[in-house]
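Colleague: Predicted coordinates and the sequence they were generated for:
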Amino acid sequence: TMSFPSSSHQPRQKNPLFLQVNNTAYTYIQQFYPHLDTNRAGVAPLYTPYSKLVYNGNVIEDKDKFFKQDLPLTKHSMTSMDCHPMYADPSNSGKGMHCLVTVVGTVIYNGVPESKRMFHQTLILVAGDNGSFKIAHDTFRWIGK
């Protein structure tokens, strides 16, 4: 289970569309990291077929292989998350809504506490036809050491 400090995902913004997108992104992220940590087979389908993934500066061509074979076992812990709506429709009506999500946290590899690293991850979520979101762009980067 993952938890954020109570105020870390609640914007001060009162715009209903912004709040809706923020809550949707928060829910998505609450599902994404548990999949990444415990259900690798469920991760690749969260991406579009044309998604771009960059992990610590390395472009990942085969996301399915990366998540199932190349990436060591992980345990993510979130420190903060921020979300910003991106409008594909210039009228800002909410049609074609995309979302820029940034996450900061820590990750432990293969259950070894000494492997703990801080990370920053930026995701661009795109709205699908049925109202669900998929990851179009994903950039993961360790912070510091």
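Modeller: Right, received. Where do you want to start?
Colleague: Check what pLDDT Arg12 gets.
Modeller: Arg12 is assigned 58 on the pLDDT scale.
Colleague: Would you quantify the distance from Met81 to Pro16?
Modeller: Look at Met81 and Pro16: by C-beta to C-beta, to the nearest Å, they are 20 Å apart. To be clear about C-beta, it is placed using only N, CA and C from the backbone, and glycine gets the same treatment.
Colleague: Please identify which of those two sits among more neighbours.
Modeller: Met81 (20 against 9; other C-beta atoms under 10 Å).
Colleague: Just the C-alphas of the strand or helix carrying the more buried one, formatted as CSV.
Modeller: Element membership of Met81, judged by DSSP states H and E, is strand 74-87. Taking C-alpha atoms only, strand 74-87 is exported to CSV below (Å, rounded to 0.1, in the frame of the first residue of the first chain):
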residue,chain,number,x,y,z
THR,A,74,11.7,-2.7,-6.9
LYS,A,75,9.9,-1.2,-4.0
HIS,A,76,8.8,2.4,-4.6
SER,A,77,7.8,4.9,-1.9
MET,A,78,6.3,8.2,-3.0
THR,A,79,7.2,11.5,-1.3
SER,A,80,5.2,13.9,-3.5
MET,A,81,3.2,14.1,-6.7
ASP,A,82,2.1,17.0,-8.8
CYS,A,83,-0.2,17.1,-11.7
HIS,A,84,-0.8,19.7,-14.4
PRO,A,85,-3.6,19.4,-17.0
MET,A,86,-2.6,19.8,-20.6
TYR,A,87,-5.3,20.7,-23.1
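Colleague: Show me which positions of it end up buried.
Modeller: Under the neighbour-count criterion of 16 or more other C-beta atoms under 10 Å, strand 74-87 has Thr74, Lys75, His76, Met78, Met81, Cys83, Pro85 buried.
Colleague: In this structure the last one contacts Leu17, no?
Modeller: Yes. Counting by C-beta atoms under 8 Å, Pro85 does reach Leu17; the two are 6.6 Å apart.
Colleague: joint contacts of these two?
Modeller: Residues touching both Pro85 and Leu17 by C-beta atoms under 8 Å, 6 or more residues apart in numbering: Met97.
Colleague: residue ranges with poor pLDDT in this structure?
Modeller: 1-14, 87-96, 129, 131 (pLDDT under 70).
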